[in-house]
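Asker: for reference, the sequence and a predicted model appear below.
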Amino acid sequence: MKKYSILMLLLIYICNTSNLSAEEILIPKDSIVMSYTGEEVVIEAFKSNTNLSQLPISATLLSDQIIKERNITNIKEINAFVPNLFIPDYGSKMTSPAYIRGIGSRINAPSVGLYVDGVPYFDRSTFDIDMTDIERVEVLRGPQGTIYGRNTMGGIINVYTKSPYKYKETNIHLGAGNYNSYDLGASHYGNINNTFGYSLSGNVFHTGGFFTNKYTGDKADPMDAANGRMRLSWKLAPKLSMHLVSAYEYSDQGGYPYGIYNAENNTVGQVNYNEPSSYLRNMSTNGLNVEYATEKFKLGSMSSFQFYDGKQRIDQDFTEKDLYFVDFYQRQRMYSQEINIKSTTKSNYQWQFGTFGFHQSYNTDNDVDNRSTNTHTLQNASNPTKGAALYHQSIINNLFTEGLSLTLGLRYDWEETRMHTVAKSRKPDNTVVETTNKRDKDNYSQWTPKAALQYSFRNNQIVYFSASKGFKTGGFNTTAVSETDRTYKSETSWNYEIGTKGSYFDKLLDAEISLFYIDWRDQQVSQNQATGTGYILRNAGKSASKGLEVTTQINPLENLNFQITYGYTHASFKEYIYNTKENIDYSGNFLPMVPRHTFSTAANYTIRLKSDLLDKVILNGQYTALGKIYWNEDNKASQPFYGIFNARASFVKNKVSFDFWSKNIGGKEYVSYYFYNSLAKESFAQAGKPFTCGVDFRLKF
């Protein structure tokens, strides 16, 4: 009963959210949309046509204006701006797992989903995307399995690029910053008679790196990156439209600026290893959306194809000694097809049905060079996966009384995964011995229901209660040494949430507040192998996560606004034996990689001028904070609560703006990632990025 009493505490609050959205209408090229207004605008997306502020779910929306004001350049930088969201910096684009409300995955498939323009991103190595020409980012917290399916136990991040039907302009962007950082971008949006729309954008970026490798004397983490995006939209008939999106990203980066961790004072030593490490990624993502819309329903089809190739070269011992070096190559080809039909009438009954299928091929080649013994461990692993799903959701409005709504959803997922692993050992005399040749397959299925009860007041304030089941499939540990560790089971959760949203005092205050409790079974936990040759997944017993989320926006003046977000998560193991042989009991310990608190506050002030030189000056300041974060299940290493200051000043004249920005003002020192390396028998960590600053020039015509 304790969890239900915690949830019922929320009934004393009356607040709302200021989540925004955008209609598909053309915005004049000289206008500026103030993203922080509290007005309702409807989002039109593949699976939803409802205002987020009226949904019985915890959700945050970051508009293009907010992304610009807060100088968000990659997905990892939305940390803390979204309550209870944490995306740690692992040192390269190869690994970018997201955690929401304590639910996440350090290795293997993610537990938080990512969709870009309706296209699913299934692998953690694809998450770190460029944020150029993004219109908005939606973060839905809590299980989204009913509509989005597999591996969305923690929530979903939806990213939408700019539509050529909404924008008609050309943009040029030049930027420069300290640490030898430069970027150049250009985009063009146009349409012909609102029948054919097109957009093209491209961006190149270089940074010299933030951390110096003492051994080589060079920067450990420089990066060169480039990306391009195309979007074509046709209105083939009054009721028929088609949208094609295609994106390509390339990055070549030095990475893994890890130093020895000092637990006594929570500091990181200087990077000092003898072999330069790097990660090279090529990624292409493509989606075709076809929609047929009538006054009563909308029928949509989303077809997608994504591939990426990644090559990692890494000094596995991270020391000046010449002990281990690893070459790791990964390749993914992923196809998906989804068909969705939903009602579009404003009636007391709204519905949608959908079917989804995918095939994902995933191959890896791993070469571990043990230089102390002059031997190589070579492994090739193939892990193809396919799956299918059916789902339905009904919304009954004005149930028994005006304003009361009931949402019911149900999804069935089926998935099959195969594994073929071949491992070989190359001896000092160059003879090769095959040590492993394993084939296996498994399948998983799950029903994921959802129910939500919502009451809407006449002033658009709502209160709601929801219960939903989350599901993440099991799989194979392709690098497992022990046969007992070859497989791991699926994990499931039940999420209970109560919340309220509303606008008050003639839109002076917009706010949202929610309480949640998550009951988590068979949690997939990453552990070091006893041989020190990497991580594997094992299932813990039971875990629980509970907490609070608050989002507020205050608009005291037309040209002044404040945003405040806060998230609290208490996530711990209820039952967890780490090592059954030694009976290491971590029950009661906090889950790793989960900040206890996330906090952010931002202020935006616009000074309008009557001058020949300037039209206005926009000042923006932010403070973001995270912590306490435990890095491992034993809770011996942790990052205390810390905060950093960022700022931006924009000077605007007609279609030209000069922006001056800075991040981590004051140079706050903190740990962004920690791990124990059993090969070197040392704890390593990555320090947070230092103070950075720069200038941007933007031209719009």
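Answerer: Received the coordinates, thanks.
Asker: for the stretch 351-500 of the chain, what spans make up the helices?
Answerer: Counting by DSSP state H, counting those that start in this stretch, the stretch 351-500 of the chain has no helices at all.
Asker: do the stretch 51-200 of the chain as well
Answerer: Counting by DSSP H, counting those that start in this stretch, one finds helices in the stretch 51-200 of the chain at the ranges 64-69, 145-148.
Asker: mind checking how far Ser181 is from Asp315?
Answerer: Per CB to CB, to the nearest Å, Ser181 is found 25 Å from Asp315. Just so you know, the C-beta spots here come from the backbone N, C-alpha and C atoms, and that holds for glycine as well.
Asker: one more: Gln350?
Answerer: Distance, Gln350 to Asp315, by CB to CB: 56 Å.
Asker: between the two, which is the more surrounded one?
Answerer: Asp315 (23 against 19; other CB atoms under 10 Å).
Asker: ok, the more buried one touching Tyr324?
Answerer: Yes. Asp315 is within contact range of Tyr324, at 7.5 Å (criterion: CB atoms under 8 Å).
Asker: which ones are touching the residue lying closest to Ala544 once chain neighbours are set aside?
Answerer: In space, Ala544 comes closest to Lys574 once its chain neighbours are excluded; the distance is 5.5 Å by CB to CB, 6 or more residues apart in numbering. Residues in contact with Lys574, defined by CB atoms under 8 Å, 6 or more residues apart in numbering, are Gly541, Lys542, Ser543, Ala544, Ser587, Gly588.
Asker: one more pass at 10 Å, please.
Answerer: Residues near Lys574 by CB atoms under 10 Å, 6 or more residues apart in numbering: Asp519, Trp520, Arg521, Gln523, Ala540, Gly541, Lys542, Ser543, Ala544, Ser587, Gly588.
Asker: secondary structure, pLDDT and neighbour count for these - can I get that in a markdown table?
Answerer: Below are the contacts of Lys574 laid out as a markdown table (DSSP: H, G, I helix; E, B strand; the rest coil; pLDDT from 0 to 100; neighbours: other CB atoms under 10 Å):
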| residue | secondary structure | pLDDT | neighbour count |
| --- | --- | --- | --- |
| Asp519 | strand | 94 | 17 |
| Trp520 | strand | 91 | 24 |
| Arg521 | strand | 90 | 17 |
| Gln523 | coil | 85 | 26 |
| Ala540 | coil | 80 | 23 |
| Gly541 | coil | 78 | 15 |
| Lys542 | strand | 89 | 14 |
| Ser543 | strand | 92 | 24 |
| Ala544 | strand | 94 | 17 |
| Ser587 | coil | 91 | 15 |
| Gly588 | coil | 92 | 11 |
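Asker: quick check: the two most widely separated of these?
Answerer: Arg521 and Gly588 (17.0 Å; CB to CB).
Asker: residue nearest the middle of this protein, spatially speaking?
Answerer: Central residue of the chain (CA atoms, centre = their mean): Ala98, 5.0 Å from the mean position.
Asker: ok, that one - contacts?
Answerer: Ala98 makes contact with 75-76, 78-79, 82, 85-88, 104-105, 110-114, 124, 127, 139, 154-157, according to CB under 10 Å, 6+ apart.
Asker: from those residues, which land in strands?
Answerer: If you go by DSSP state E, these have Leu85, Phe86, Val112, Gly113, Leu114, Val139, Gly155, Ile156, Ile157 in strands.
Asker: Phe356 reaches Ala388, doesn't it?
Answerer: Yes. Phe356 is within contact range of Ala388, at 6.9 Å (criterion: CB atoms under 10 Å).
Asker: looking at the two, which is more packed in?
Answerer: Shown here are Phe356 and Ala388; by other CB under 10 Å, Phe356 has more neighbours (22 against 16).
Asker: find the residue ranges of this protein scoring beneath the pLDDT cut-off.
Answerer: Scanning the chain for pLDDT under 70 picks out 1-50, 480-481, 528-534, 579-581.
Asker: what pairs with the biggest strand by length in it, parallel or antiparallel?
Answerer: Scanning the chain for the strand with the most residues, using DSSP E, yields strand 432-456. Partner strands for strand 432-456, per DSSP bridges, with pairing direction: strand 404-426 (antiparallel), strand 462-472 (antiparallel).
Asker: which stretch among the ones you listed is buried most, on average?
Answerer: Among the strands paired with strand 432-456, strand 462-472 has the highest mean neighbour count (mean count of other CB atoms under 10 Å), at a mean of 22.
Asker: how far away from the center of its chain is that one?
Answerer: 20 Å (CA atoms, centre = their mean, to the nearest Å).
Asker: try stretch 229-241
Answerer: The answer for stretch 229-241 is 28 Å, by CA atoms, centre = their mean.
Asker: alpha carbons of that stretch, as CSV, please.
Answerer: The C-alpha coordinates for stretch 229-241 follow below in CSV (Å, rounded to 0.1, in the frame of the first residue of the first chain):
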residue,chain,number,x,y,z
ARG,A,229,19.6,16.0,-44.5
MET,A,230,16.9,16.1,-47.2
ARG,A,231,13.2,16.2,-46.9
LEU,A,232,10.7,16.1,-49.7
SER,A,233,6.9,16.4,-49.3
TRP,A,234,4.2,16.0,-51.9
LYS,A,235,0.5,16.6,-51.7
LEU,A,236,-0.4,14.1,-54.4
ALA,A,237,-4.2,14.7,-54.0
PRO,A,238,-6.4,16.6,-51.6
LYS,A,239,-6.4,13.6,-49.2
LEU,A,240,-3.1,11.9,-50.1
SER,A,241,0.4,13.1,-49.1
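Asker: isn't Asp64 right next to Asp133, touching?
Answerer: Yes. Between Asp64 and Asp133 there is a contact under CB under 10 Å: 8.3 Å.
Asker: the two: which is more packed in?
Answerer: The residue with more neighbours, out of Asp64 and Asp133, is Asp133; 24 against 20, by other CB under 10 Å.
Asker: mind checking which helix or strand the nearest residue to the more buried one once chain neighbours are set aside is in?
Answerer: Among residues not flanking Asp133 along the chain, Ser201 sits closest, at 4.6 Å (CB to CB, 6+ apart). Taking DSSP states H and E as the definition, one finds Ser201 inside strand 196-207.
Asker: that strand pairs with which strands, parallel or anti?
Answerer: strand 181-192 (antiparallel), strand 223-237 (antiparallel).
Asker: is Gln306 bridged to anything, and to what?
Answerer: Thr285, Met334.
Asker: distance of it relative to Val112?
Answerer: Going from Gln306 to Val112 by CB to CB gives 17 Å.
Asker: ditto for Leu378
Answerer: Taken as CB to CB, the spacing of Leu378 relative to Val112 amounts to 33 Å.
Asker: and Tyr248, how many neighbours?
Answerer: Using other CB under 10 Å, Tyr248 is surrounded by 15 other residues.
Asker: and what of Asp218?
Answerer: Neighbours around Asp218, by other CB under 10 Å: 12.
Asker: ok, His392 next?
Answerer: A total of 15 residues lie near His392 under the criterion other CB under 10 Å.
Asker: ranges for the strands of the stretch 251-400 of the chain?
Answerer: Along the stretch 251-400 of the chain, the segments classed as strands by DSSP state E, counting those that start in this stretch run 258-262, 267-268, 278-293, 297-314, 324-343, 349-370, 375-382, 385-396.
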